[in-house]
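Novice: Build me a model from this:
(one chain, ligands or ions: 1)
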Amino acid sequence: MQLLDGRALSKKIEIQVTADVKMLKDKCGCTPGLAVVLIGQDPASATYVNMKKKACDRVGIYSITHDMPENISQDAIEKVIQNMNNDSTIDGILIQLPLPKQIDERRLLDLVAPNKDVDGFHPFNVGRLTTGLDGFVPCTPLGVMKLLEEYNIDVKGKNCVVVGASNIVGKPMASLLLNANATVEICHIFTDDLKKHTLNADIVLVGVGVINLITEDMVKDDVVIIDIGVSRTKDGKLVGDVDFANVSKKCSYITPSPGGVGPMTIAMLLSNTLKAAKINAQERK
Ligand code: GUN
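Specialist: From the prediction side, this is the model:
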């Protein structure tokens, strides 16, 4: 069994992004800029936003966090997004999810200019991904693909079972795998017999936030496991969706959680922001 070390790969990517950011600055005086919108006091969201900000600092990306009160109105937050769309110092806009109940998430995500949509959540970019065209791809599934590539795990013709059908992870993950010629199944909360599907998988990719959802009896020998889940146990420990201690004995490759997919998500945000800055610099010429 080999660990898929997202921490190590994300460091490698950060070195490359740092060099590219410097090159862009030297060439045209442009500093890539990321605006992060955080609404309310959710502690997990605040931690993620802080990690993203620190990562920007490490690679030389300018970042600004808009801390908004929990009870902000739809109109007020839409104005903030519109201002960022029109701000030439901002190349990427990220709205940290989940949002408070009174906010219409879809309307807000649709308002982000597609060329600043570094999360890849705008229908324009979702459409480009499903069509196999270049665009902005959601950071977590993109990070998973980079991790598989780094370890020369070719998904072509493999049976890939994605567990979880969210817009952020499961659906774009399935699109990326399909674009890479994998055979893809998506399982979700209404799937009748999850084990029946996972037992047939060469690669299981799971991101639902249920501790120990995937156990050793549910996977075949030499399976590749990508654990995208993050949950906190009662004693405060961070864990994924996979019973790592037992499942790892049967795997050819497995991501640790934490230390697998998480760091890759942040690395892909940096790389998407750099990509946006390069496109915007070209367009300003
Ligand atoms: N909340 C959980 N994951 C994500 C993500 O990838 N992007 C954003 N914007 N919010 C999230």
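Novice: Report all helices and strands that the helix or strand hosting Leu38 contacts.
Specialist: Following DSSP states H and E, the helix or strand that holds Leu38 is strand 33-39. Where contact means 3 or more CB pairs under 8 Å, 6 or more residues apart in numbering; DSSP states H and E, strand 33-39 is packed against helix 43-59, strand 62-68, helix 74-85, strand 92-95, helix 261-284. The way it works is simple: take the backbone N, C-alpha and C, and place the C-beta from them, glycine included.
Novice: Name the stretch among those that sits most buried.
Specialist: Highest mean neighbour count of the helices and strands packed on strand 33-39: strand 92-95, a mean of 26 (counted as mean count of other CB atoms under 10 Å).
Novice: picking that back up, in its sheet, what does the strand holding Leu38 sit against?
Specialist: Note on strand 33-39: by DSSP bridges, its sheet partners are strand 62-68 (parallel), strand 92-95 (parallel).
Novice: Contacts for the longest one next, please.
Specialist: This means strand 62-68. Here strand 62-68 makes contact (CB atoms under 8 Å, 6 or more residues apart in numbering) with 31-40, 49, 52-53, 56-57, 76-77, 80, 89-90.
Novice: one step back: avg pLDDT for the strand holding Leu38?
Specialist: Average pLDDT, strand 33-39: 98.
Novice: And for stretch 121-138?
Specialist: Per-residue scores along stretch 121-138 average to 98.
Novice: Over to stretch 228-245?
Specialist: Per-residue pLDDT over stretch 228-245 has a mean of 96.
Novice: Please name the residues that touch Glu14.
Specialist: 55, 58-59, 267, 270.
Novice: check which helix or strand covers whichever residue of the stretch 101-250 of the chain sits closest to the ligand.
Specialist: Per CB to the nearest ligand atom, Asp119 is where the stretch 101-250 of the chain lies closest to the ligand, at 4.8 Å. Secondary structure assignment for Asp119, by DSSP H and E: no helix or strand.
Novice: Hmm, it is touching Val137, no?
Specialist: No - contact criterion CB atoms under 8 Å: Asp119 and Val137 do not qualify, at 9.4 Å.
Novice: Mutual contacts of the two, please.
Specialist: Asn272.
Novice: Could you state which residue of the protein sits nearest its centroid?
Specialist: Nearest residue to the geometric centre of the chain (CA atoms, centre = their mean): Thr140, 2.0 Å.
Novice: Would you list the phi and psi of the residue of the chain found nearest the ligand?
Specialist: Nearest residue of the chain to the ligand (CB to the nearest ligand atom) works out as Leu97 at 3.7 Å. When read as degrees, to the nearest 10, the backbone of Leu97 gives phi -100, psi 160.
Novice: Quick check: it touching Glu105?
Specialist: Yes - between Leu97 and Glu105 there is a contact under CB under 8 Å: 7.0 Å.
Novice: Between the two, tell me which one has more neighbours.
Specialist: Between Leu97 and Glu105, counted using other CB atoms under 10 Å, the more crowded position is Leu97 (17 against 14).
Novice: On the three-state scheme, Gly229 is what?
Specialist: Classification of Gly229 using DSSP: H, G, I helix; E, B strand; the rest coil returns coil.
Novice: Wait, a helix at His197?
Specialist: Yes - according to three-state DSSP, His197 belongs to a helix.
Novice: Wait, Cys28 touches Ala281, no?
Specialist: Yes - at 5.2 Å, Cys28 and Ala281 qualify as touching, with contact defined as CB under 8 Å.
Novice: and Leu199, what does it touch?
Specialist: 218-220.
Novice: Give me the distance between it and Met68.
Specialist: Remark: distance between Leu199 and Met68 (CB to CB, to the nearest Å) = 45 Å.
Novice: What pLDDT is listed against Glu283?
Specialist: On the pLDDT scale, Glu283 is placed at 84.
Novice: please renumber so the chain begins at 54
Specialist: Okay, using 54 as the starting number, the last item reads as Glu336.
Novice: and it, what does it touch?
Specialist: Contacts of Glu336 (CB under 8 Å, 6+ apart): Asn168.
Novice: quick one: it from Val165, how far?
Specialist: Glu336 is 17 Å from Val165, by CB to CB.
Novice: Now the phi/psi pair for Asp207, please.
Specialist: The phi/psi pair for Asp207 (degrees, to the nearest 10) is phi -80, psi 130.
Novice: What count of nearby residues applies to it?
Specialist: Asp207 sits with 11 neighbouring residues when counted by other CB under 10 Å.
Novice: Appreciated, that's everything.
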